[in-house]
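S.K.: Turn this into a structure:
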Amino acid sequence: MNREERIRAALASKEVDHVPVAAWMHLSQFDQDPISLAEAEVAFTEKYDFDFIKMMPFGLYSTQDFGNQITIYCDPYREPIVKNFAIHSPADYNTIRAIPAIQGTYGKQVEFARELVKRRKPGTPVIQTIFSPFSTLKKMAGDRLLMDMINYPDAVHHALAAITATTLDFVSANIDAGVDGFFFATQNATRSIMNLQEFEEFGEFYDLQVIRSYAKKTWFNAAHIHGEDIYFNEVASYPVNCINWHDRHTWPSLKEARQITDKCLLAGIKSAPYFVNGVLKYDDIILDGTPEEITAHVKDAISQVDGKGLILGPGCVVNPKAPEENLMALRKAVEL
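M.R.: Numbers count the residues shown, from 1 in each chain. This next block holds a predicted model:
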């Protein structure tokens, strides 16, 4: 099997020659230049012979054109951070307008897609990362959004609609660029951030508009559910064919998830960032484990679902300081 055949088989819960596997990390020293980032991601994929490329534009890319001021370090161990939020008051939500996604920072990510598709090894699937509209707005407003959506819902809906329209344009441009699908990241579908009614109104309503725009046009579409105590059942019902979440940190486990959905599970590898007093930390077996521990970890993941309908991947991102021998061990473990 080549990489595409292997991924397609896993998505359809068919037999594979080995469980497909991939890892991804932020490459912050490259992610401000589309060509450099495309070259780096292809090199990373080929070095470890991973089965697909999950594109890694920097995590704030969807906010900059809307007015977020960002500090960019171009340092492999320092990701860009928000210097000044675009939203400072309820009135600011109404200033957000839909923008063309072929210009500015959005446009650079479209160029990244074109360059990556051009450079990938034939038969290697490529999926672009897009953020849910609420995730983008949260990065533009900060925690005030959680009260503003209660006190100023119309204003928040105005901004979400504008971000959704821009995201739809971005999706279309990436399809034209040749991507095979999308990694739809929802970073706030957790009970600690919003109740179910709020999630349905401010999250799911806009999520579905985005996903339905490409669900029948691309063949490899994953939904990522970030965090703990997540709305797994709700997001698993989205029209995607693959679910990614922190299965080693929160319900459900791989085994439990298989009882909930027959969709492909993109999970199994313990790797999640978290903050302690504002400092980014990682609970990451690829960073801190040994090759032997990683091999056992992979075998455990495969055994939970009998290797069916599974693509091995991290719950979030791998730390860029992860040792090469551990990344190699991850790849080799699926063939042992």
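S.K.: Now do the strands in this protein.
M.R.: Secondary structure of the chain (DSSP state E): strands at 53-54, 69-71, 81-84, 126-131, 181-186, 222-225, 242-245, 264-269, 271-276, 279-284, 310-314.
S.K.: Could you list every helix and strand that the last one packs against?
M.R.: Applying 3 or more C-beta pairs under 8 Å, 6 or more residues apart in numbering; DSSP states H and E, we find strand 310-314 packed against helix 3-11, strand 264-269, helix 291-304. Where C-beta positions appear, they are placed from N, C-alpha and C, glycine not excepted.
S.K.: Specify the residue positioned farthest from the middle of this structure.
M.R.: Distance from the centre of the chain peaks at A91, with 30.4 Å (C-alpha atoms, centre = their mean).
S.K.: Please name the residues that touch the closest residue to it other than its chain neighbours.
M.R.: Distances taken as C-beta to C-beta, 6 or more residues apart in numbering place A155 nearest to A91, at 7.4 Å, with adjacent residues excluded. By C-beta atoms under 8 Å, 6 or more residues apart in numbering, the contact set of A155 is P90, A91, Y93, N94, D148.
S.K.: all helices in the stretch 101-250 of the chain, in order from the N-terminus.
M.R.: Here the stretch 101-250 of the chain has its helices, by DSSP state H, counting those that start in this stretch, at 104-119, 133-141, 144-151, 153-177, 196-198, 205-214, 232-236.
S.K.: Please name whichever of these is nearest to R331.
M.R.: With C-beta to C-beta as the criterion, R331 lies closest to helix 104-119 of the helices of the stretch 101-250 of the chain, at 20.1 Å.
S.K.: roughly how far apart are Q259 and L60?
M.R.: Applying C-beta to C-beta, to the nearest Å, the value for Q259 to L60 is 36 Å.
S.K.: cool, and S172?
M.R.: 22 Å.
S.K.: Pick out whichever of these two has more residues nearby.
M.R.: Neighbours per residue, other C-beta atoms under 10 Å: of S172 and L60, the larger number sits with L60, 20 against 16.
S.K.: From what I see, the more buried one and V82 are in contact.
M.R.: Yes: contact criterion C-beta atoms under 8 Å: L60 and V82 qualify, at 6.6 Å.
S.K.: which residues are in contact with both of the two?
M.R.: Both L60 and V82 are in contact with N68, I70, K139, where contact means C-beta under 8 Å, 6+ apart.
S.K.: Now do the contacts for the second one.
M.R.: In this structure, I70 makes contact with L60, T63, Q64, P80, I81, V82, K83, judged by C-beta under 8 Å, 6+ apart.
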